[in-house]
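# requesting a structural model of the entry that follows:
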Amino acid sequence: MSLTALIFARGGSKGLPGKNIKPLAGKPLIGWAIQQALAVPDIGRVVVSTDAPEIADVARDHGAEVPFLRPDELAGDTASEWDAWRHALRFLEQQDGKLPDPFISVPATSPLRQPDDISACLDLYAEGQSDMVVAVTDAHRNPWFNMVRTREDGTVVPVNNPEGNVVRRQDAPTVQDMTTFAYVADPKHILTKRGVFTGRVRAVTVPVERSIDIDTQFDFEIAEFLMKKRLGLL
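Predicted coordinates for the structure are as follows:
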């Protein structure tokens, strides 16, 4: 079996400008995603969807295909990634005569994931009973205990426990954070629905130490430290 993985990497990023090709431990961020996807035995091809020629060049240098540039209307700050997913699926269906099945997205912003994490998502999807598989990790904060919202009078209360009757973390319902390790889905679900949770979703649990999703310079510095530690560069 030879599956196609997709990486969606637009050029604009206000939180960390140029992050998708910013070098992390000696390799552009998108390069890590391409390498990890191609290291999965079932994946034989990586296609990058981007609006930026400089990202396209870096992606090709690291073994990905960039058969199209994403339209500007799918690359702005207000654009939906779901629409970018649909655009890529329709392009590949027209180019290849069939939809890539399953749909696999490997975001560039989780460089600490391992190829086995992607494989675990593929294996869970192959069991059936889901329209989409995501990866989650144990949450540091809990909306029933130590996540708060500010009321109009300026006081704060727990997000899901305004009466404050959960007084120990151990008594709060267990919650997990979604990561950006990978999304594996039925392509028809992407094309006919709108949003991850509009169908049946199952999750693979991954270690928190690999779960950083890079949005800011602070995230980047933590991820780089951990990657250098993994590679024995510290």
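# can you tell me the closest non-neighbouring residue to Val106?
Ala37 (4.6 Å; Cβ to Cβ, 6 or more residues apart in numbering). Glycine gets a C-beta too; all of them are placed from N, C-alpha and C.
# now do the contacts for the one you found.
5, 7, 43, 46, 104, 106, 115, 118 (Cβ atoms under 8 Å, 6 or more residues apart in numbering).
# pick out the most distant pair among these.
Ile7 and Pro115 (14.2 Å; Cβ to Cβ).
# those two: who's more crowded?
The neighbour comparison of Ile7 against Pro115 (other Cβ atoms under 10 Å) goes to Ile7, with 24 against 16.
# so where does the residue nearest to Val106 fall, helix or strand?
Assigned by DSSP states H and E, Ala37 belongs to helix 29-38.
# also Val47?
strand 43-49.
# next, the buried residues of the longest helix anywhere in the chain.
Of all segments of type helix in the chain, defined using DSSP state H, the longest is helix 81-96. Neighbour counts over helix 81-96 (16 or more other Cβ atoms under 10 Å) mark 84-89, 92 as buried.
# off-centre distance for it?
17 Å (Cα atoms, centre = their mean, to the nearest Å).
# could you pull up the mean pLDDT of it?
Helix 81-96 shows an average pLDDT of 96 in the prediction.
# and the next helix or strand after that helix, what other elements does it pack with?
Where DSSP H and E defines the elements, the next helix or strand beyond helix 81-96 is strand 103-105. Judged by 3 or more Cβ pairs under 8 Å, 6 or more residues apart in numbering; DSSP states H and E, strand 103-105 is in contact with strand 3-8, helix 81-96, strand 183-185, helix 187-192.
# could I get those as JSON lines with distance to Pro53?
JSON lines is the format used below for the helices and strands packed on strand 103-105 (distance: least, Cβ to Cβ, whole Å):
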{"stretch": "strand 3-8", "distance to Pro53": "16"}
{"stretch": "helix 81-96", "distance to Pro53": "17"}
{"stretch": "strand 183-185", "distance to Pro53": "26"}
{"stretch": "helix 187-192", "distance to Pro53": "26"}
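# so which residues of this protein form strands?
3-8, 23-24, 27-28, 43-49, 103-105, 132-138, 148-150, 156-158, 176-178, 183-185, 201-205 (DSSP state E).
# residue contacts, the one residue sitting closest to the centre of the chain?
Nearest to the mean C-alpha position of the chain, by Cα atoms, centre = their mean, lies Thr180 at 2.5 Å. Taking Cβ under 8 Å, 6+ apart, we find Thr180 in contact with 107, 109-110, 213.
# coming back round to it: measure the residue nearest to Val106 to Ser110 for me?
Ala37 is 11 Å from Ser110, where distance means Cβ to Cβ, to the nearest Å.
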